[in-house]
Each structure stands twice: as structure tokens, then as C-alpha cells.
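Colleague: Kindly return the folded structure for what I paste below:
(one chain, ligands or ions: 1)
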Amino acid sequence: MTAPVRLEVENLAWGPPGRPPVLSGVSFALAPGARLAVIGPNGSGKSTLLRCLYRVNRPTAGVVKLDGHDLWALGPRETARRVAAVLQEAPPDFAFTVREMVEAGRTPHAGAFGDRGGATVVEDAMARMEIAGLAGRRFATLSGGEKQRALIARALAQQPGLLVLDEPTNHLDIRHRLEAIELLKGLDLTIVATLHDLDFAADMADHVLALEGGRPAAFGPAQETLAPALIRRSFGVEAEVTPWRGSLRFAYRLPEEGA
Ligand SMILES: Nc1ncnc2c1ncn2[C@@H]1O[C@H](COP(=O)(O)OP(=O)(O)OP(=O)(O)O)[C@@H](O)[C@H]1O
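Modeller: Now for the predicted structure:
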């Protein structure tokens, strides 16, 4: 099992070749085991930031460091041992079964002598996501929520030190959403997740990074950062924020005409 990583992002920028950056000036640090929710309106750069964290987008400026090592100085295999990603884009409609999908998470750990203990890790990951009963089914035949749980199971089988998730509660029903959040909180991992639902951001995260137009608008402890002023500024809505069982709950409405 990889230990949770310390993640440092320093003055990060990314843009498509020959075009202005769509993400810039992003800096933050997470202690090992911290959980960050990245929030912000559509098109604010959340997925772009995640792509920089799992080594798809090479920064055009700045650096991403895992335990002090530049992500781009680590090879892809070394990165895959440390970072797992659960993305919104479902994999193509291939013929893999659910078990084979989850087993694919073990690839970075397979050495010359195979992957000792890997089968147990795979079974454990499927049990945690309640998909053991679906192990023999073709992934492509699963419901949206079942697919999402299989993708999280694959990431867990990878035993990363950093888990990056793009809208992990998408497609999940209310109970599975709450269970997924509890599961993430129970993992001894550093976590970065984009979340549109601020209730779940407050439930899951100890820190929040708000992006606006590809730039950081706020970074700090979740309970302090998720305040009405930030929500109004970021999303253009009025918010009432209520403490609730150690977390926060949010009610919204559009601003009154002329307000
Ligand atoms: N490869 C690319 N080429 C051109 N523009 C891009 C590319 N990737 C992202 N962008 C642009 O960068 C901006 C940020 O996109 P991104 O997907 O990171 O936003 P987001 O905050 O995740 O949005 P959403 O909440 O809608 O998922 C958008 O305007 C998007 O069109």
C-alpha cells in the first residue's frame, strides 16, 4: 500500500499549444491524507487542473510535486503507482468484465514475478464498492452508477497515494453518494475531487480550492471557505449556509432583480 502523498502545486499554468492559458497562477499544498474539493462554475478549469495532477496535461508553467518530486520527472509507471484517477469520461465500450476492469488497476504493480497479493486487493476493492456480485458482468452493460462504482474500485485496486476524482458522485443515487463520500473519508489517501454539489464538498473535504476563469479565487479550510460571499462571487447566486452535523448545508436562490 502506497502511503498518502504530500501534494504541492506551485504557480501552475496550462493551455493548449499556441493559445492563452485556460489555467494559471494555481498554488496550494496538501499534507499527506488531506482531502481537497475543487469547486467553481462550468468552464472554470477544474478538470484541466485534475489533468495536470494525473500527468496528462504537462504544465506550461509551474510544477506539480508529489512528496517533493516533480510529477514530470517521475516516469508514467511510477506516476501510476502513486496517482489514480476516476474520470467522468467512461471508458469506451470494450468487452472487459467488471473484474477485468478492476484488475487493470493492478497493472503498475505487476513486476517480473507477477503481482503478489493483487487478487486479494482486487476482491477487496470490489467488496468495498459493493460490486462483487457484478464481477462477471461486462462493464459496458452496467448502469451509470454501477460503472462509477467499478471505476472507483479500479482506482482503489491501484493502491495510490493520491486519488484524483472528477465528480465522483455523478450518477450515484442518494445513498450511494453518501456512502461514496464516507468511503473517501475513510481512505488513508490524499484526495483531490471536483464537486459541483457543495453539500458533498463540505462533507468530503477538509480544504476547498475555488477556481474562477482558470484562476484561484480562494483556497482554505472547507468550513471557512464555503461562505456566502464566495458562492455569490463564484456562481452569482445568493446562498444560505447552515452548519449541520459537523458539516454544512446550502440553500440557494437567484439574486433579486437589481440586487
Ligand atoms: N484541450 C483544450 N483545448 C482548448 N480549450 C480547452 C482544452 N481543455 C480545456 N479547455 C477550455 O478550458 C476551460 C476550462 O475547462 P475545464 O474542462 O477545465 O472546466 P471545468 O471547470 O472542469 O468545467 P465543467 O464544470 O463544465 O466540467 C473551458 O473553457 C474549456 O473549453
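
Colleague: switch to C-alpha atoms for all contacts and neighbour counts from now on
Modeller: Noted.

Colleague: Point out where this structure drops to low pLDDT.
Modeller: The chain contains residues with pLDDT under 70 at 1, 89-93, 111-115, 258-259.

Colleague: and it, which of its residues are near the ligand?
Modeller: Counting by Cα under 6 Å from any ligand atom, the chain comes close to the ligand at 16, 22, 41-48.

Colleague: Got a quick PyMOL command for the buried subset of the residues you listed?
Modeller: Selection of buried members from those for PyMOL, criterion 16 or more other Cα atoms under 10 Å:
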select buried, resi 22+41+44+45+46+47+48
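
Colleague: how about the residues of the chain next to the ligand, which pair is most distant?
Modeller: Greatest spatial distance among the residues of the chain next to the ligand (Cα to Cα): Pro16 and Pro41, at 20.2 Å.

Colleague: Which residue, other than its chain neighbours, is closest to Glu103?
Modeller: Leaving aside its chain neighbours, Glu103 sits nearest to Val122 (6.1 Å; criterion: Cα to Cα, 6 or more residues apart in numbering).

Colleague: Touching, the one you found and Ala157? I think so.
Modeller: Yes: counting by Cα atoms under 8 Å, Ala157 is a contact partner of Val122 at 5.4 Å.

Colleague: so what sits against both of the two?
Modeller: 102-103, 106 (Cα atoms under 8 Å, 6 or more residues apart in numbering).

Colleague: Nearest the geometric middle of the chain, what residue?
Modeller: By Cα atoms, centre = their mean, the chain has its centre lying nearest to Leu165, at 2.1 Å.

Colleague: tell me the SS of the residue of the stretch 51-200 of the chain found nearest the ligand?
Modeller: Among the residues of the stretch 51-200 of the chain, His196 lies closest to the ligand, at 7.3 Å counting by Cα to the nearest ligand atom. Under the three-state scheme (DSSP: H, G, I helix; E, B strand; the rest coil), His196 adopts coil.
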